[in-house]
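[1] one predicted model, sequence on top.
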Amino acid sequence: MNSLRARAHLLFGRRSHQSLAPHQHLSPAVANDLVISTVDENSGIAMLTMNRPPANSLSMEMNEAICDSIKTIEANAKIQSVILSSTNPKIFSAGLDVTELVSPDKDRLPRFWNSLQQVYIDLYGSRLATVAAIQGHAPAAGCFLAMACDYRVMSAGDINSDTKKKHVPTIGLNETQLGIAAPPWMGQLLVRTVGFRQAELALALGTLFPPEQALAVGLVDDIVPHQKAESGEDQLIDLLPSQIKDQALNPLLQRAYSQARIYAKIPPQARVASKMVTREEHIFRMIAKRDEDTQHFCGFVTQKAVQKNLSAYVEALKNKSAKK
Ligand SMILES: CCCCC/C=C\CCC/C=C/CC(=O)SCCNC(=O)CCNC(=O)[C@H](O)C(C)(C)COP(=O)(O)OP(=O)(O)OC[C@H]1O[C@@H](n2cnc3c(N)ncnc32)[C@H](O)[C@@H]1OP(=O)(O)O
């Protein structure tokens, strides 16, 4: 991609093959099942809700669905901000679908990795102002999704009123804990978010930060206590897909919405141009090394020792869930 074309892509997004219907709201039936997109042209705000039970893990199809939704929303010139959220109140995204990595199909593996690279290009380089509403856990590529946004609000956690059990979400690039390493472009995103020394430490140790610590290192911009708000805004209620309509009083979503509104009021050309000041160079660098990165990933994942670790990891995840 030459730099002019790439710049046009970054500033305005690729013209989508799917154009939006001219209604104010996109019904979930129009969106794909894995990601639900809703838009409100009056406020200029959209919501992209991840909906891949049980954990919003990133399969190839999930990555493609995220990219398709971004492009579809970008094609609507009236939309300036998008909130990235999850239908699962306890998990934002569990990162890569680890089953994609175990005994992988030779032809699918590079396509799978390409789909993740494309999420980086499309989300990090989007013309839209992006706000991540991190209600639940965001390990590894789940953290990457949040870091690729412009602003991150995270739930401080909550207590289940029946069981009295506390749920505290965590966020971070924990790959080394699994015996794998985050790819360079993902690791560099952490460096750009929290600074060199904090990133160096967190990458080596595979740190998963609880909300207060995530805020202290700058991995998230705000944390929101889980106390139901007294009233909700009609515009937010309208934007919520049916699966999470009951979340209109959720203070995290309200905080994300107010941030999205702040962004939507900034003159878009100035906002997008200043976003590209900090991002463009990194995206070009990644695109230039894309094939090399794919080869590296496929070579690494298919190593016997790595396969053994990953199989054991997937087994442990399944056993853990079966014991619940
Ligand atoms: C130097 C250059 C090197 C080159 C690099 C090359 C290669 C390396 C690639 C590096 C990139 C890696 C990025 C990644 O994202 S790797 C994936 C990392 N993700 C995780 O480790 C998360 C694993 N999950 C969890 O820790 C937990 O599930 C949780 C998200 C904290 C939620 O916990 P909980 O609420 O207790 O839920 P459960 O654990 O019971 O899970 C529910 C359900 O979901 C399934 N599941 C969870 N995570 C995943 C996943 N990542 N992929 C697929 N499936 C997942 C889990 O199996 C349960 O399913 P069942 O109920 O059906 O059993």
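    Now that the structure is in, tell me what you want to look at.

[2] going forward, measure contacts between C-alpha atoms and count neighbours the same way
    Noted.

[3] now do the contacts for the spatially most central residue of the chain.
    The chain has L145 as the residue nearest its centroid, 2.6 Å off, counting by CA atoms, centre = their mean. For L145, the contacting residues are 120, 123, by CA atoms under 8 Å, 6 or more residues apart in numbering.

[4] swap the cut-off to 10 Å and go again
    Each residue near L145 by CA atoms under 10 Å, 6 or more residues apart in numbering is listed here: 84, 92-93, 95, 119-120, 123-124, 132, 138-139, 186.

[5] same thing with I171?
    Contact partners of I171, counting by CA under 10 Å, 6+ apart, are 92-94, 134, 136-144, 146, 154, 207-211, 213-214, 219-220.

[6] so of these, which ones are in strands?
    Among those, the members found in strands (DSSP state E) are 134, 138-139, 154.

[7] contacts with the ligand among the residues you listed, please.
    Contacts with the ligand within those, as defined by CA under 6 Å from any ligand atom: P139.

[8] check the ones in strands among the contacts of I171 and tell me the two furthest apart.
    Largest separation among the ones in strands among the contacts of I171 by CA to CA: P139 and M154, giving 13.2 Å.

[9] surely D40 and K78 touch.
    Yes. Here D40 lies in contact with K78, judged by CA atoms under 10 Å, at a distance of 8.7 Å.

[10] now do the shared contacts for these two.
    A46.

[11] quick one, phi psi at the residue in the stretch 151-300 of the chain that the ligand sits nearest to?
    Nearest residue of the stretch 151-300 of the chain to the ligand: F297, at 3.9 Å (CA to the nearest ligand atom). Phi and psi for F297, reported as degrees, to the nearest 10, are phi -60, psi -50.

[12] next up, the contacts around it.
    Applying CA under 10 Å, 6+ apart, we find F297 in contact with 109-110, 113, 181-183, 291.

[13] closest to the ligand out of the contacts of L145?
    G95 (3.6 Å).

[14] ramachandran angles for the closest one?
    The phi/psi pair for G95 (degrees, to the nearest 10) is phi 80, psi -160.

[15] could you point out which element follows the least confident helix or strand in the chain by mean pLDDT?
    Using mean pLDDT, DSSP states H and E, helix 3-12 stands out as the lowest-scoring helix or strand of the chain, at a mean of 46. Next in sequence after helix 3-12, counting helices and strands by DSSP states H and E, comes strand 35-40.

[16] which strands and helices lie in contact with that following strand?
    Packing contacts for strand 35-40, counted by 3 or more CA pairs under 10 Å, 6 or more residues apart in numbering; DSSP states H and E, involve strand 45-50, helix 60-74, strand 81-86, helix 234-239.

[17] contact partners of the last one?
    By that I understand helix 234-239. With CA under 10 Å, 6+ apart, helix 234-239 has contacts from 24-26, 37-40, 42-43, 45-48, 244-249, 253-254, 257-258.

[18] give me the buried positions along that helix.
    236-237, 239 (16 or more other CA atoms under 10 Å).

[19] as CSV, the residues you listed with pLDDT and distance to the ligand would be great.
    Output for these, formatted as CSV (pLDDT from 0 to 100; distance: CA to the nearest ligand atom, whole Å):
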residue, pLDDT, distance to the ligand
L236, 90, 27
I237, 89, 26
L239, 93, 26
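
[20] rebuild these as CSV, extending it with distance to K324.
    As requested, the buried residues of helix 234-239 are arranged in CSV below (distance: CA to CA, whole Å):
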residue, distance to K324
L236, 34
I237, 33
L239, 34
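
[21] spell out which parts of the stretch 1-150 of the chain neighbour the ligand.
    54-55, 57, 91, 94-99, 137, 139-141.

[22] if you rank those residues by neighbours, which is first?
    H137 (28 neighbours; other CA atoms under 10 Å).

[23] contacting residues around that residue?
    With contact taken as CA under 10 Å, 6+ apart, H137 is in contact with 55, 88-95, 143, 154-155, 167-172, 208-210.

[24] just L48 next, same as before
    By CA under 10 Å, 6+ apart, the contact set of L48 is 31, 35-39, 66, 69-70, 73, 82-86, 130, 132, 239-241.

[25] if we go to 7 Å?
    L48 sits next to 35-38, 82-85 when contact means CA atoms under 7 Å, 6 or more residues apart in numbering.

[26] which of those lies closest to the ligand?
    S85 (14.8 Å).

[27] what about that closest one, how many neighbours?
    Residues near S85, counting by other CA under 10 Å: 27.

[28] rewinding a little: now intersect the contacts of H137 with the helices, please.
    Of these, the ones assigned to helices by DSSP state H are C143.

[29] buried ones only from the contacts of H137, please, as a ChimeraX command.
    Entered in ChimeraX, the line below selects the buried ones among those, by 16+ other CA under 10 Å:
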select :55,88,90,91,92,93,94,95,143,154,155,168,169,170,171,172,208,209,210
